[in-house]
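>>> could you look at this predicted model? Sequence included:
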Amino acid sequence: MSAAPVPPLPASAEAGTATATATATATPTATATATATATATATLTPGPRPVELRLLLTPPPARRAWRLVLARAGAMCMVELQKLRHDRTELYTRAVQPALWLLIFGETFTRIHAIPTGGIPYLDYLAPGIIAQSAMFIAIFYGIMIIWERDSGVLTKLLVTPTPRAALVTGKAFAAGVKSVIQALVVVVIAALLGVALTWNPLRLLGVAVIVVLGSAFFSCLSMTIAGIVLTRDRLMGIGQAITMPLFFGSNALYPVAVMPGWLQAVSKANPLSYEVDALRGLLLGIHAHLALDFGVLAVAAAVGVTTASLLLGRLAK
Amino acid sequence: MTTPPAAGPADPDATVDADPNAAPAPQPDTAPNVAANPQPRTAPDATPDVRLDEPAVRCTDLSYSFGDTRAVDGLNLEVAQGEIFGLLGPNGAGKTTAIRAITTLLPVPAGKISVFGLDCARKRMQVRRVLGYVPQQLSADSGLTGRENVDLFARVFDVPRSERRARVDEALTAVDLTEAAGRLAGTYSGGMVRRLELAQALVSAPRLLILDEPTIGLDPLARASVWDCISQVRAGTGMTVLVTTHYMDEADEHCNRLALMHRGRIRAMGAPGDLRADLAAQLGADPARVSLEDVFRHHAGSGLTGADHEGGDFRDVRRTRSTAARLR
């Protein structure tokens, strides 16, 4: 066995791809697809399984600009949902921690009356904070996941698709958002079971979903940014541990900003988690919140996060 | 080492636009549309203007360094359209770096690499649209079913929803995974995972399929099944295949042409038979008894299994071993 001569292109395949390319550049699709599929039929003969490859001869048309970004985000979210469908373990195990926070910390501090909540039960006050916390914990995991995907080859392959890095990061950020929203739903149900008087107004719940998606987009991008800097899973795990707790305690999730010392108030003001919690409290409990400011801060934070994470993603590809 | 001009029966001599027989002849009814509806939107990232008179891959004096290590050192390479081209060499020879440069993963200056005439630095997105890439590592997602894995790549290559299902079915059929399509990829055997990855790469109808060590760590049966798939798809679609391997026997059997790489440079290039015959003539030996391994040893100063090369860096070895371990 040596130097087999290059087999000539099958005539129909040749005509098919040529047709497809020519028509794709010349005419919009309807007739093009019809004629391409009609002419571009090739049958695999040499093997034991004769296989027909019609569609695999014509490259799909390209999407552009924002439609491409939307499609990529959709694809990434779809993957996340499909994985959750196959294995719901994570959904349950991740429900344990927020349940404990509400049940133990929440119930206890409700009795102590140590934290000024402006007249509402502490458990009610705490619930939105715990929703934000569990969403953040999920999102922070995305940096580790992207390093895992780099090591396993999944990321490499995605980077060779017609997907700009920003679209890939946006997709991941929204996937984190989708997963967080599902987690938030679980926590809302737990809180409702514990007797927290949450709103069931669908519009407000939709607002909750938007806020959770934006918050998770930011935190997942923060994590992917750090992943792009430190590049290894071990380092990122350490850093992830080191930043999540300060982000959580340095926010208004457990106590109002007013009771904090001055320096911590400054930290809290710079912490997107505080804005997420504030918005969630406003939406779920109906108490006074700065919804427009919160939304604005989270949207800007998410945009900045996507930008920096996209710029650093290339380091993971090398 | 200079490259011989790429030639061969599969190398068409004209671009799509220039060839009068290619497009309008079979369907005269679309001709008026061509004239009446010039494509309204032509973004830079639109359908790639693939040139059929250019080689599938052309590297011109390509070099790439990681820190002080010069992984690729002045690579000149032309892969003709439609051929199966093998890039051979030991670990650390620069094969994977060359592949990563061609697949736009590494930042390379303009003018160094072109794919079907598209410059890899300037027209990155268009190049990616004509590429199907299977990296060395296992890149299928074990938490998704076979079908979902292929579906993801149909989505990220913008396959319209209306034909997504049919296309995914076709790709799965082409690699003989229709029956296993509903199972999680985590339950697949090594050979099945490789075939699944092939299906992922095929679903976008690439013109150039790039396979980095497709049979690494597989047992002989699975290796044969993967090569069967590659040959069938190649025969059915006429796509160009660029493959790296360090199995000399595979290269000898399946590649139309190959290049032997050592320490970032190409040491010999040509059809496997020619390479062996040349060496045989040079040594006055019986051509039947000269192997590709001999050719490699002759040109690189050591065999693939020779003791004088380090066999890649730590990361290389770890990647190879973990891929092999997971495929078993």
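In hand now; what should we look at?

>>> what about residue A:212, how many residues nearby?
Around residue A:212 there are 30 other residues, counting by other C-beta atoms under 10 Å in any protein chain shown. All C-beta atoms are positioned from the backbone trio N, CA, C, and that covers glycine.

>>> pretty sure it sits against residue A:180.
Yes. Residue A:212 is within contact range of residue A:180, at 5.2 Å (criterion: C-beta atoms under 8 Å).

>>> find the residues that touch each one of those two.
Shared contacts of residue A:212 and residue A:180, defined by C-beta atoms under 8 Å, 6 or more residues apart in numbering or on different chains, comprise residue A:135.

>>> so residue A:289, which of the three states?
coil (DSSP: H, G, I helix; E, B strand; the rest coil).

>>> ok, now which ones touch it?
Counting by C-beta under 8 Å, 6+ apart, residue A:289 has contacts A:278-279, A:281-283.

>>> in helices, which of those fall?
A:278-279, A:281-283 (DSSP state H).

>>> quick one, which of these are buried?
A:278-279, A:281-283 (16 or more other C-beta atoms under 10 Å in any protein chain shown).

>>> identify the farthest-apart pair in those.
Greatest spatial distance among those (C-beta to C-beta): A:278 and A:283, at 9.8 Å.

>>> strands along chain B, start to end?
Secondary structure of chain B by DSSP state E: the strands cover B:57-66, B:69-79, B:84-88, B:113-115, B:118-119, B:131-134, B:208-212, B:240-245, B:257-262, B:265-270.

>>> so which of those is nearest residue A:166?
Comparing the strands of chain B by C-beta to C-beta, strand B:131-134 comes nearest, at 20.1 Å.

>>> quick check: mean pLDDT across that closest one?
In this model, strand B:131-134 has an average pLDDT of 93.

>>> for stretch A:180-188, same thing?
92.

>>> does chain B sit close to that stretch?
No. Residues of stretch A:180-188 contacting chain B under C-beta under 8 Å from any C-beta of the partner chain: none, with a closest distance of 15.8 Å.

>>> what's the answer for stretch A:154-167, then?
Yes. Legend: contact between stretch A:154-167 and chain B by C-beta under 8 Å from any C-beta is shown at A:154, A:156-164.

>>> please identify which pair of these lies farthest apart.
Top of the distance list for those (C-beta to C-beta): A:154 and A:164, 17.6 Å.

>>> ok, which stretches of chain A are strands?
A:42-44, A:51-53.

>>> remind me, longest helix of chain A?
Per DSSP H, chain A has its longest helix at helix A:122-152.

>>> how about the helices in chain A?
A:11-26, A:29-39, A:65-86, A:89-100, A:107-112, A:122-152, A:154-159, A:165-193, A:202-230, A:233-249, A:262-270, A:272-285, A:291-317.

>>> quick check: the closest residue to chain B within the stretch 51-200 of chain A vs residue B:170, distance?
Nearest residue of the stretch 51-200 of chain A to chain B (C-beta to the nearest C-beta) works out as residue A:153 at 3.2 Å. Residue A:153 sits 24 Å away from residue B:170, going by C-beta to C-beta, to the nearest Å.

>>> once you drop chain neighbours, what's closest to residue B:128?
residue A:162 (4.8 Å; C-beta to C-beta, 6 or more residues apart in numbering or on different chains).

>>> low-confidence ranges in the chain?
Assuming you mean chain A. A:1-52 (pLDDT under 70).

>>> meant chain B actually
For chain B (pLDDT under 70), the answer is B:1-48, B:301-328.

>>> how about the most centrally placed residue in chain A, what does it touch?
Centroid-nearest residue in chain A, with C-alpha atoms, centre = their mean: residue A:176, separated by 2.2 Å. The contact partners of residue A:176, by C-beta under 8 Å, 6+ apart, come to A:138-139, A:142, A:216-217, A:219-220.

>>> distance check, residue A:127 against residue A:93.
Taken as C-beta to C-beta, the span from residue A:127 to residue A:93 is 20 Å.

>>> correction: the previous question concerned residue A:199.
From residue A:199 over to residue A:93 (counting by C-beta to C-beta), the distance is 28 Å.

>>> the two: which is more packed in?
residue A:199 (15 against 9).

>>> list the contacts of that one.
A:205, A:283-286.

>>> again, only using 7 Å
A:283-284, A:286 (C-beta atoms under 7 Å, 6 or more residues apart in numbering or on different chains).

>>> for those residues, which one is nearest residue B:261?
residue A:283 (60.4 Å).

>>> hmm, residue A:203 and the closest one touching each other?
No. Using C-beta atoms under 7 Å, residue A:283 is not in contact with residue A:203; the gap is 9.2 Å.

>>> of all residues in chain B, which one is nearest the centre?
For chain B, residue B:210 is the residue whose C-alpha lies nearest the centre (C-alpha atoms, centre = their mean; 1.9 Å).

>>> from residue B:95, how far out is it?
For residue B:210, the distance to residue B:95 - C-beta to C-beta - is 11 Å.

>>> okay, residue A:154 and residue A:164: which has more neighbours?
residue A:154 (23 against 16).

>>> my guess is residue B:83 contacts residue B:255. True?
No. The pair residue B:83 / residue B:255 is not scored as a contact, 8.2 Å apart, by C-beta under 7 Å.

>>> mind listing what's buried in stretch A:242-262?
A:243-244, A:247-248, A:250-255, A:260.

>>> report the two of these separated the most.
Top of the distance list for those (C-beta to C-beta): A:243 and A:255, 19.7 Å.

>>> how about the residues of the stretch 151-300 of chain B by chain A?
B:152, B:155-160, B:163, B:166-167, B:170-171, B:173-174, B:176, B:184, B:202, B:204-205, B:228, B:231-232, B:235-238, B:252-253, B:256, B:271-274, B:276 (C-beta under 7 Å from any C-beta of the partner chain).

>>> which among those end up buried?
Buried, going by 16+ other C-beta under 10 Å: B:152, B:155-159, B:163, B:167, B:170-171, B:173-174, B:176, B:184, B:202, B:204-205, B:228, B:231-232, B:235-238, B:252, B:256, B:271-272, B:276, out of these.

>>> show me the helices in chain B, by range?
Using DSSP H, helices in chain B cover B:31-36, B:95-102, B:124-130, B:146-156, B:161-174, B:190-202, B:220-237, B:248-254, B:272-283, B:292-300, B:314-327.

>>> possible to save these as a markdown table with distance to residue A:58?
Below are those laid out as a markdown table (distance: least, C-beta to C-beta, whole Å):
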| stretch | distance to residue A:58 |
| --- | --- |
| helix B:31-36 | 17 |
| helix B:95-102 | 23 |
| helix B:124-130 | 12 |
| helix B:146-156 | 13 |
| helix B:161-174 | 9 |
| helix B:190-202 | 12 |
| helix B:220-237 | 10 |
| helix B:248-254 | 26 |
| helix B:272-283 | 33 |
| helix B:292-300 | 37 |
| helix B:314-327 | 32 |
